[in-house]
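Asker: heads up, no residue letters with this:
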């Protein structure tokens, strides 16, 4: 209930603050600001009513999408309300001390509100679809010369229902992947958010991307259906079965604590997948020892592991893979301009980009889709093109 109550209280506070601050403003400016606020309130209430009175399949793509649209509107109201409150206090306290109203305080507060609205609107309508292609060269010690130049396209965190109504944009991403002509195409999980029904007919889109040696994926912590309201073990089994079928139809081979080998220019590559389970900060993983025992000796190994926090756990096997690929963090879908810093740094030790420990490498992608809120702010969706070279 607090998920609904907090944004509604923020909405009421914003109405009070704006009406108070705009009471002596230019009438045209006042009308514009209040019209913007009325639209936002209407959108919030409309989506909330649609969610509360919906009686169909929760994981239907349209309903799953409504959840993150409501999340975006809630985040906007809470952020704007909190910042407006802080700014109001910062201008009110000095005014009380000086026994006079701070000039232009109301105008400044209102302009900040409009800037926040603009930023969220841009994050919803443009930035969350503003695909970036990130290129990363990784030099591996002792790499077989035959593997030099191996090209891997890394994707992750599609959260397929977040593309509802915009599947054409997802299809364009498949075209971008094919233009890279990769040797390997990998996905580090979280194809869904709640349940397998979100997938819909998206397998017809995802299978348009391919790679010379195949496409491989691992399950993320959302892919087992445990985020589905009223989750049960029987639904979990159904979700795992159906998702496996959907991924197969999408052209991916799902690696569930398993290893496959491929050959590139006569040299072998091992592709391993270790499953991630759990919610938020309480994560668990598949059987690292079982997986690493399956890897042939002296074989270049690419490990798919959804949550990068589990990377160092491979060390307990005494056989850390040369390259581990992860996602999960989303970069919290928000950062400072340039995307080099984010609040994700406070929650994830390794949240984005390339990391190295000894001779083992980790790369973390911030993913393609959205979860929680249908917004990306200075944290664009990405595909990562990794080129492997000898050190």
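Answerer: Nice, I can see it. Predicted, not measured: the structure shown is a model, and the values here were computed from it.
Asker: What does the pLDDT read for residue 199?
Answerer: For residue 199, the pLDDT comes out at 91.
Asker: wait, what's in contact with it?
Answerer: For residue 199, the contacting residues are 160, 191-192, 242-243, 246, by CB atoms under 8 Å, 6 or more residues apart in numbering. Every C-beta, even on glycine, is put in place using the N, C-alpha and C of the backbone.
Asker: Pass me the low-pLDDT residue ranges in the stretch 251-391 of the chain, would you?
Answerer: Within the stretch 251-391 of the chain, no stretch has pLDDT under 70.
Asker: ok, of the contacts of residue 199, which one's closest to residue 147?
Answerer: residue 191 (28.3 Å; CB to CB).
Asker: residue ranges with poor pLDDT in the stretch 51-200 of the chain?
Answerer: In the stretch 51-200 of the chain, residues with pLDDT under 70: 92-103.
Asker: so where do the helices sit in it?
Answerer: Secondary structure of the stretch 51-200 of the chain (DSSP state H, counting those that start in this stretch): helices at 61-98, 105-125, 167-179.
Asker: now the angle from the last one to helix 61-98?
Answerer: Using axes from the mean of the first three to the mean of the last three CA atoms, to 10 degrees, one finds that helix 167-179 and helix 61-98 are set 100 degrees apart in direction.
Asker: how close does the most centrally placed residue in the chain get to residue 151?
Answerer: Central residue of the chain (CA atoms, centre = their mean): residue 330, 3.5 Å from the mean position. Counting by CB to CB, to the nearest Å, the separation of residue 330 from residue 151 is 25 Å.
Asker: Which residues lie in contact with residue 309 in this structure?
Answerer: Under the criterion of CB under 8 Å, 6+ apart, the neighbours of residue 309 are 283, 348-350.
Asker: nope, residue 229 is what I was after
Answerer: Shown in contact with residue 229 (CB under 8 Å, 6+ apart): 58, 194.
Asker: May I have the secondary structure class of it?
Answerer: Put simply, residue 229 is coil when judged by DSSP: H, G, I helix; E, B strand; the rest coil.
Asker: tell me the pLDDT at it?
Answerer: pLDDT at residue 229 comes out at 94.
Asker: Okay, it and residue 195: tell me how far apart.
Answerer: Here residue 229 is placed at a distance of 9 Å from residue 195 (CB to CB).
Asker: Pull up the overlap in contacts between these two.
Answerer: Common neighbours of residue 229 and residue 195 (CB under 8 Å, 6+ apart) are residue 58.
Asker: number of nearby residues for the residue nearest to residue 154 when sequence neighbours are not counted?
Answerer: Using CB to CB, 6 or more residues apart in numbering and skipping the chain neighbours, the partner closest in space to residue 154 is residue 384 (4.1 Å). Neighbour count of residue 384, defined by other CB atoms under 10 Å: 23.
Asker: Return the distance of the helix or strand residue 384 falls within from the chain's centre.
Answerer: Taking DSSP states H and E as the definition, one finds residue 384 inside strand 382-390. How far strand 382-390 lies from its chain's middle: 20 Å, per CA atoms, centre = their mean, to the nearest Å.
Asker: Use 33 as the first number for this chain going forward.
Answerer: With 33 as the first residue, the last one maps to strand 414-422.
Asker: Name the residues of it that are buried.
Answerer: 414-418, 420 (16 or more other CB atoms under 10 Å).
Asker: Neighbouring strands - and their directions - for that strand?
Answerer: Neighbouring strands of strand 414-422 in its sheet, by DSSP bridges, are strand 164-172 (parallel), strand 182-187 (antiparallel).
Asker: For it, which outside residues touch it?
Answerer: So strand 414-422 is in contact with 163-175, 177, 179-187, 205, 208-209, 212, 214, 332, 355, 357, 395, 397-400, going by CB under 8 Å, 6+ apart.
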